[in-house]
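**Student:** Got a predicted model here, sequence first, then my questions.
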Protein chains: 2
Amino acid sequence: MLVIGERINASNRSVGEAIAGRDGEFVANLAKAQAAAGADFIDLNAGAVKGSGHEETETIEWLVEVVQTATDRPLAIDSESPDIIEAALRRYRGDRLMINSVTAEKSRLESVGSLAARHQASLVALAMDEGGIPDTTEKRLAACEIIMTYLTQLGMAAEQVFFDPLVIPISVDTNQGLVTLKTLEQIKDRYPAAKTVMGLSNISYGLPKRQLVNRNFLIMAAYAGLDAAILDPLDAKMMSVIRAADLLTGKDTMCRGYLRAHRKGMIVD
Amino acid sequence: MLVIGERINASNRSVGEAIAGRDGEFVANLAKAQAAAGADFIDLNAGAVKGSGHEETETIEWLVEVVQTATDRPLAIDSESPDIIEAALRRYRGDRLMINSVTAEKSRLESVGSLAARHQASLVALAMDEGGIPDTTEKRLAACEIIMTYLTQLGMAAEQVFFDPLVIPISVDTNQGLVTLKTLEQIKDRYPAAKTVMGLSNISYGLPKRQLVNRNFLIMAAYAGLDAAILDPLDAKMMSVIRAADLLTGKDTMCRGYLRAHRKGMIVD
């Protein structure tokens, strides 16, 4: 499974402070640590740094520069704004970029979708429209169909689209774990060349022992066909679970990845 | 998910010694502890007590007496031998018994299958024939079909049949995790009224951090439709994972089971 490391996010307090203070060493170390722990992409979220005196476009440019110096892992730019994404693209020297995200809303497809197609970037597509996260599989799939039709017309390859089936907390509705997983299966069924991606933490909102619930949901999603997850690669238990999931779904030939991670002391129980 | 507590097994050294020495208190406490931890059935395996001077039929009779005094949970009799099972049935006063197991071998279906049908017991049916565990889903399903046809002719209800899709270690063949899970899905598809059951530990044979692999395999199997698992209910991490699996597959209305277990300190991460 592809791991998109979520730690460089300005809405996290200590990270936000480091970004506001332009502490390049802090940010570079966070990028390096995530890469060493197994992140395949480094996610950058420059938003929500209030009162820092910096514009968000300027912040994302700085982040892209700092992180590219620290690691050669490709970046994921976490923003709904075409201006921020364009600012990141101006500074980015890599050949694989992920943009996060569009929805079925026409304005976002027009702006961010076109940007992704033009730059041959991968694009996270949330299975929702302007009405928010639908509570049924059918409505989420309808949003995916609008997105896929639009992006295909732009000439984008299905391989570049990472659909996010989206998650509503199980404490709100006990059925929502299955709604997400069935949506995921249906997406893989309808668009076999497309990829799937998920953030995990919503599922456990309002419950105790959230990490346990998140990890177990990830394992089920791995079996349902999940290709990528946005998470904290410095969470060793979570990364161990991902390695076990790859092993159990036949993605780890001769168990080599699992055994190598174990020799490095990276498999924790 | 139904939990079949596997701890009272004579092939385990300390348990075997207690059984050989007719230490009723030890066995009763092991039954009570498993019930308190959430076991729905208490499995009894009287085999492999060598040199104890007791016959296996006499041992199972003793075990059934001791465990029935300790807990009112139904029993699962783990034996291929009709004599042992009949001995257990002679002493059993409960109205739900599970017998473990038959295969597609005619002699076992004739003897143990008939016994289960006559006593309206649940019956674990291993998806294999005289040739051992088949390495493909198709061959395992062929064994299930033979079993189901035979048991139906005996008048047994599908609800009483617990199919075990069987597990070959992933260290032997990386594809075997998926073979088991796909077999499980197909069984649920073909025989919707039948139940499924699995033992877990084979999957991780030869690998480090086996409990991690076992737990993650259980979570995938829960999503694939597993109804029951044979395991150690005194393993708090395993039981926590089962409660999280019930939560995520919509089986825990209003999250009540999970929250109750958490209040009792039974959810560990």
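**Tutor:** Arrived safely, thanks for sending. Residues are numbered from 1 along each chain as shown, chains lettered A, B, ... in the order given.
**Student:** got the contact list for whichever residue of the stretch 51-200 of chain A sits closest to chain B?
**Tutor:** Nearest to chain B in the stretch 51-200 of chain A, going by Cβ to the nearest Cβ, is A:G177, at a distance of 4.0 Å. In short, each C-beta sits where N, CA and C put it, glycine included. A:G177 makes contacts with A:170, A:203, A:217, A:220, B:247-250, as judged by Cβ atoms under 8 Å, 6 or more residues apart in numbering or on different chains.
**Student:** let's see 10 Å
**Tutor:** Contacts for A:G177 (Cβ atoms under 10 Å, 6 or more residues apart in numbering or on different chains) come out as A:167-170, A:203, A:213, A:216-217, A:220-221, B:223, B:244-245, B:247-250.
**Student:** residues from the stretch 51-200 of chain A in reach of chain B?
**Tutor:** With Cβ under 10 Å from any Cβ of the partner chain as the criterion, the stretch 51-200 of chain A comes near chain B at residues A:169-171, A:173-181.
**Student:** What subset of the contacts of A:G177 is buried?
**Tutor:** With burial judged by 16 or more other Cβ atoms under 10 Å in any protein chain shown, the buried subset of the contacts of A:G177 is A:167-170, A:203, A:213, A:216-217, A:220-221, B:223, B:244-245, B:247-249.
**Student:** Tell me the one among those nearest to B:E86.
**Tutor:** Among these, B:A245 lies closest to B:E86 (Cβ to Cβ), at 35.7 Å.
**Student:** Can I take it that the closest one is in a strand?
**Tutor:** No: the assignment for B:A245, made by DSSP: H, G, I helix; E, B strand; the rest coil, is helix rather than a strand.
**Student:** Please name the nearest non-neighbouring residue to it.
**Tutor:** Ranked by Cβ to Cβ, 6 or more residues apart in numbering or on different chains and with sequence neighbours excluded, the top spatial neighbour of B:A245 is B:A222, at 3.7 Å.
**Student:** Give me the buried positions along stretch A:64-77.
**Tutor:** A:64, A:66-68, A:70-71, A:73-77.
**Student:** What of stretch A:184-203?
**Tutor:** Neighbour counts over stretch A:184-203 (16+ other Cβ under 10 Å) mark A:184-188, A:191, A:194-203 as buried.
**Student:** Just the ones in helices from the residues you listed, please.
**Tutor:** Members of the buried residues of stretch A:184-203 lying in helices (criterion: DSSP state H): A:184-188.
**Student:** As CSV, the residues you listed with pLDDT would be great.
**Tutor:** Formatted as CSV, those follow (pLDDT from 0 to 100):
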residue, pLDDT
A:L184, 98
A:E185, 98
A:Q186, 98
A:I187, 98
A:K188, 97
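**Student:** Read off the pLDDT value for A:R118.
**Tutor:** We note a pLDDT of 94 for A:R118 in this prediction.
**Student:** dump the residue contacts of it.
**Tutor:** So A:R118 contacts A:89, A:154-156 (Cβ under 10 Å, 6+ apart).
**Student:** Determine which two of these are furthest apart.
**Tutor:** Every pair of the contacts of A:R118 checked by Cβ to Cβ; the farthest is A:L89 and A:G155, at 17.8 Å.
**Student:** Which residue of those two possesses the greater neighbour count?
**Tutor:** Shown here are A:L89 and A:G155; by other Cβ atoms under 10 Å in any protein chain shown, A:L89 has more neighbours (18 against 9).
**Student:** Name the SS class of the more buried one, please.
**Tutor:** Taking three-state DSSP as the rule, one finds A:L89 in the helix state.
**Student:** Neighbours of the residue nearest to it when sequence neighbours are not counted, how many?
**Tutor:** Distance criterion Cβ to Cβ, 6+ apart; nearest residue to A:L89, sequence neighbours excluded, is A:H119 at 5.9 Å. Number of residues near A:H119 (other Cβ under 10 Å) recorded here: 14.
**Student:** what residues are up against A:H119?
**Tutor:** By Cβ under 10 Å, 6+ apart, A:H119 lies in contact with A:85-86, A:89, A:92, A:97, A:99.
**Student:** Export those residues to TSV and append columns for pLDDT and distance to A:R256.
**Tutor:** Listed next are these as TSV, based on pLDDT from 0 to 100; distance: Cβ to Cβ, whole Å:
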residue	pLDDT	distance to A:R256
A:I85	95	37
A:E86	94	41
A:L89	94	36
A:Y92	96	32
A:L97	95	29
A:I99	97	32
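**Student:** just to revisit the earlier point, and the buried residues of stretch A:184-203, which two are the farthest apart?
**Tutor:** The most widely separated members of those are A:Y191 and A:S201, with 25.5 Å between them, by Cβ to Cβ.
**Student:** about what we covered before: quick one: the residue nearest to A:L89 from A:L154, how far?
**Tutor:** As for A:H119, its distance to A:L154 is 12 Å (criterion: Cβ to Cβ, to the nearest Å).
**Student:** Distance from stretch A:130-146 to the middle of the chain?
**Tutor:** Counting by Cα atoms, centre = their mean, to the nearest Å, stretch A:130-146 is centred 19 Å from the centre of its parent chain.
**Student:** Start and end of it, how far apart?
**Tutor:** Distance between the boundary residues of stretch A:130-146 (Cα to Cα, to the nearest Å) amounts to 12 Å.
**Student:** for stretch A:216-235, same thing?
**Tutor:** For stretch A:216-235, the first-to-last residue distance is 14 Å (Cα to Cα).
**Student:** what pLDDT, on average, does it get?
**Tutor:** The pLDDT scores in stretch A:216-235 average 98.
**Student:** what do you get for stretch A:128-144?
**Tutor:** Averaging pLDDT along stretch A:128-144 yields 96.
**Student:** For that stretch, buried residues please.
**Tutor:** Neighbour counts over stretch A:128-144 (16+ other Cβ under 10 Å) mark A:128-129, A:133-134, A:137, A:139-141, A:143-144 as buried.
**Student:** hmm, which two among the residues you listed are most spread apart?
**Tutor:** Largest pairwise distance in these, by Cβ to Cβ, is 14.6 Å, between A:D129 and A:T137.
**Student:** hey, where'd the strands end up in the stretch 51-200 of chain A?
**Tutor:** With DSSP state E, counting those that start in this stretch as the criterion, the stretch 51-200 of chain A has strands at A:75-78, A:97-102, A:122-126, A:161-164, A:195-199.
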